[in-house]
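Novice: any chance you can model this:
(one chain, ligands or ions: 2)
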Amino acid sequence: MKILVTGGTGYIGSHTVVELLSKGHECVIVDNLYNSSEKVLDRIKEITGIRPLFYRTDIRDKEALREIFKENGFEAVIHFAGLKAVGESVVKPLEYYENNISGSLNLYELMKEYKVNKLVFSSSATVYGDSFKSPLKEEYGRGRTTNPYGTTKAMNEMIIEDYGKADKDLSAVILRYFNPVGAHKSGLIGERPNGIPNNLMPYISDVVVGKLDHLNVFGNDYDTKDGTGVRDYIHVVDLAKAHVAAIEYADGHKGVEIINVGTGTGYSVLDIIKAYEKACGREIPYVITDRRPGDIATCFADPKKAEELLGFKTEMDIEDMCRDAYNFICKNPNGIE
Ligand code: NAD
Ligand code: UD1
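Specialist: Ligands and ions are numbered 1, 2, ... in the order given. This next block holds a predicted model:
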């Protein structure tokens, strides 16, 4: 299939492009490079032998996006482009709504105009909010979101559902990711956020390479096996493969499906520290601090629907995730420059 990948130079997008290319799909990337680098295209070429066609374009620029639709004749869209920092979204809510909602609406309108009926959208386990008990099942619906970023994901889900009700030709798969971590085994693509990381795995990576001196563990008094927060970490290459399965599923079905993408297993912060110590062969200094406001104790997926509908099952474990995260940060301590 000829697939438009928005946000395709970003962390999850780049890994997905690699998996799509390796399955013989053609990818065209649209990204404004707000949170990624054009260098990623060279890295994709190094891994796959193919440098995908790239447009440095903002999806909020509808006319520019229309030209791209006109020139290309896409069969499908995988939509990653968006802003994703939870804390920042609380401070800059309007930027988040403008980017994640207006940008997405432009894209969906052009899909309709150019009769591109297959869509995979990046949603998040954050839409379950704090309303349900893990394992989280898709049928629980959406809980109360606790920040504008999460609300933009819930709103996109609703927009796609309504679009699908009105347009019976639409075939959309909404993937609710749990906690993507790790990197491609080559160490050529991966994630190193700008500034001080907010999320656990990139923070640990920065401690390991000596950019930060210790990890703060946000609370050890949760009702979990060791008191620290439990999450469902998924290797980004597994997650990328879920997108290949989803877009291939969309090619042959109609309607809108919401599907969790997680392993179904929860690991605590201390489990992750231990696994990362094993991967890098040294001790990771940490300090227990207060809980982070808004955090929940436990969040992991029920992954059955992905297996039943997409035939998708994760293959990589926590050791693979830490090994590949470590390999990437050693090779790219300042990210992909
Ligand atoms: P990322 O920031 O690495 O990738 C997003 C890409 O979109 C970046 O390359 C950025 O430059 C681009 N972009 C942003 N706004 C744009 C715009 N208006 N026009 C064109 N390009 C634009 O993030 P990621 O981790 O790869 O996440 C991809 C998607 O998955 C996002 O929608 C994110 O919200 C969602 N998601 C991520 C996680 C996670 O933990 N990483 C979890 C759940 C959902
Ligand atoms: C984050 C996002 C959430 C998104 C999810 C999946 C935030 C606030 N939330 O949540 O919207 O859906 O990823 O990608 O960014 N921790 C520490 N010390 C740290 C960092 C984290 O102890 O320095 C702990 C947290 O308390 C949590 C676990 O590690 O228990 C994982 O945290 P993080 O990586 O930020 O992911 P989520 O909280 O699941």
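Novice: what segments of the stretch 51-200 of the chain are helices?
Specialist: With helices called from DSSP state H, counting those that start in this stretch, the stretch 51-200 of the chain shows them at 62-72, 86-91, 93-97, 103-113, 148-166, 200-208.
Novice: could you find the closest non-adjacent residue to residue 2?
Specialist: residue 26 (4.6 Å; Cβ to Cβ, 6 or more residues apart in numbering). Yep, even glycine has a C-beta here, placed from its N, CA and C like the rest.
Novice: spit out the contact partners of the one you found.
Specialist: By Cβ atoms under 8 Å, 6 or more residues apart in numbering, the residues touching residue 26 are 1-3, 52.
Novice: wait, which of those is closest to ligand 1?
Specialist: Closest to ligand 1 out of these is residue 52 (13.6 Å), distances taken as Cβ to the nearest ligand atom.
Novice: you'd agree that closest one is up against residue 44?
Specialist: Yes: using Cβ atoms under 8 Å, residue 52 is in contact with residue 44, at 6.5 Å.
Novice: any common contacting residues for the two?
Specialist: With Cβ under 8 Å, 6+ apart as the test, residue 52 and residue 44 both reach 17, 21.
Novice: more neighbours: which of these two?
Specialist: residue 44 (26 against 21; other Cβ atoms under 10 Å).
Novice: what score does that one have for pLDDT?
Specialist: Predicted confidence (pLDDT) for residue 44: 98.
Novice: which element, helix or strand, includes it?
Specialist: helix 39-48 (DSSP states H and E).
Novice: which strands or helices does that helix pack on?
Specialist: Contact partners of helix 39-48 among helices and strands, from 3 or more Cβ pairs under 8 Å, 6 or more residues apart in numbering; DSSP states H and E: helix 11-22.
Novice: now do the buried residues in the helix it packs on.
Specialist: For helix 11-22, a neighbour-count test (16 or more other Cβ atoms under 10 Å) marks 11-21 as buried.
Novice: how about the strands in the stretch 101-250 of the chain?
Specialist: Assigned by DSSP state E, counting those that start in this stretch, the strands in the stretch 101-250 of the chain fall at 118-124, 171-177, 179-181, 215-218, 230-231, 233-235.
Novice: burial check on the spatially closest residue to residue 272 that is not a sequence neighbour, number of neighbours?
Specialist: In space, and not counting its chain neighbours, residue 272 is closest to residue 200: 6.3 Å by Cβ to Cβ, 6+ apart. Residue 200: 20 surrounding residues under other Cβ under 10 Å.
Novice: what parts of the stretch 51-200 of the chain come near ligand 1?
Specialist: Applying Cβ under 6 Å from any ligand atom, we find that the stretch 51-200 of the chain lies next to ligand 1 at 58-60, 80-84, 99, 103, 122, 124, 177, 180.
Novice: same thing but at 8 Å, please
Specialist: Proximity of the stretch 51-200 of the chain to ligand 1 (Cβ under 8 Å from any ligand atom) is limited to residues 57-60, 79-84, 99-100, 103, 122-126, 149, 153, 176-180, 191, 199.
Novice: the residues you listed: which ones sit near ligand 2?
Specialist: Near ligand 2, judged by Cβ under 8 Å from any ligand atom, the entries from those are 84, 124-126, 149, 177-180, 199.
Novice: report the buried members of the residues you listed.
Specialist: 84, 124-126, 149, 177-180, 199.
Novice: pLDDT added to those residues, as CSV?
Specialist: Converted to CSV, those look like this (pLDDT from 0 to 100):
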residue, pLDDT
84, 95
124, 98
125, 97
126, 96
149, 96
177, 98
178, 98
179, 98
180, 98
199, 95
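Novice: so which of these comes closest to residue 304?
Specialist: Lowest distance from residue 304 to these (Cβ to Cβ) belongs to residue 178, with 14.0 Å.
Novice: remind me which residues of the stretch 151-300 of the chain are low pLDDT?
Specialist: Judged against pLDDT under 70, the stretch 151-300 of the chain has no low-scoring part.
Novice: quick check: residues of it near ligand 2?
Specialist: That would be 177-181, 197-201, 203, 215-219, 222, 228-231, 268-269, 272, 289, 291-292, 294-296, 299, which are the residues of the stretch 151-300 of the chain within reach of ligand 2 (Cβ under 8 Å from any ligand atom).
Novice: in contact with residue 256, which residues are there?
Specialist: Taking Cβ under 8 Å, 6+ apart as the test, what residue 256 contacts is 160-161, 163-164, 170, 172-174.
Novice: doesn't it belong to a strand?
Specialist: Yes: assessed with DSSP: H, G, I helix; E, B strand; the rest coil, residue 256 lies in a strand.
Novice: number of nearby residues for the one residue in the stretch 201-337 of the chain that gets nearest to ligand 2?
Specialist: Per Cβ to the nearest ligand atom, residue 229 is where the stretch 201-337 of the chain lies closest to ligand 2, at 2.1 Å. Residue 229 has 24 neighbours, counted by other Cβ under 10 Å.
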